[in-house]
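1. Have a look at this fold, sequence not included:
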């Protein structure tokens, strides 16, 4: 257990090539009455991993996937029939069910996409680099 400050204690685990950092119930403190709704923006290599992980995560609910490629959208609709699959960022972040946005688009778009999500009042996790 690594205590980085007096408000939160962090537990870091290594499982199957993934480092997991858990903030000991922070999700439940922030969203005490429901699971946070997650949207993944960009479904290439990294985005696909986030979709798979959040679809299986009991502490959150994958509610939307956004990808501009029509053929990829069709694949995702087949694989995740209970999740909204969209091609428009604005439409995705306007969904009331979306609390958290995971940005996995091309690096050159990270700044603009992140800015739009933050301006919409969403919590954001952006893949590196944050901006180019």
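-> Thanks, I have the structure now. None of the values given here were measured: they were computed from a predicted structure.

2. Which parts of the protein belong to which domain?
-> What automatic domain parsing lists as the domains of the chain is 1-28, 31-126.

3. For the first one, give the mean pLDDT please.
-> Within the predicted structure, the mean pLDDT of domain 1-28 is 41.

4. For stretch 83-95, which outside residues touch it?
-> Here stretch 83-95 makes contact (Cβ atoms under 8 Å, 6 or more residues apart in numbering) with 37, 39, 41, 55, 62-70, 73, 76-77, 98, 101, 113, 116-117, 120, 122. Any C-beta I mention is one placed from the backbone N, CA and C, and that applies to glycine too.

5. Give the burial count for the nearest residue to residue 61 once chain neighbours are set aside, as a bare number.
-> If the residues on either side of it in the chain are set aside, residue 61 comes closest to residue 35, at 4.6 Å by Cβ to Cβ, 6 or more residues apart in numbering. By other Cβ atoms under 10 Å, 16 other residues sit near residue 35.

6. buried stuff in the longest helix anywhere in the chain?
-> As assigned by DSSP state H, the longest helix anywhere in the chain is helix 45-56. Under the neighbour-count criterion of 16 or more other Cβ atoms under 10 Å, helix 45-56 has 46-48, 50-51, 53-55 buried.

7. packing partners for it?
-> Judged by 3 or more Cβ pairs under 8 Å, 6 or more residues apart in numbering; DSSP states H and E, the packing partners of helix 45-56 are strand 37-41, strand 61-66, strand 100-103.

8. hmm, who's touching it?
-> Counting by Cβ under 8 Å, 6+ apart, residues outside helix 45-56 touching it are 38, 40-41, 43, 60, 62, 65, 67, 76, 80, 83, 102, 104-105, 127.
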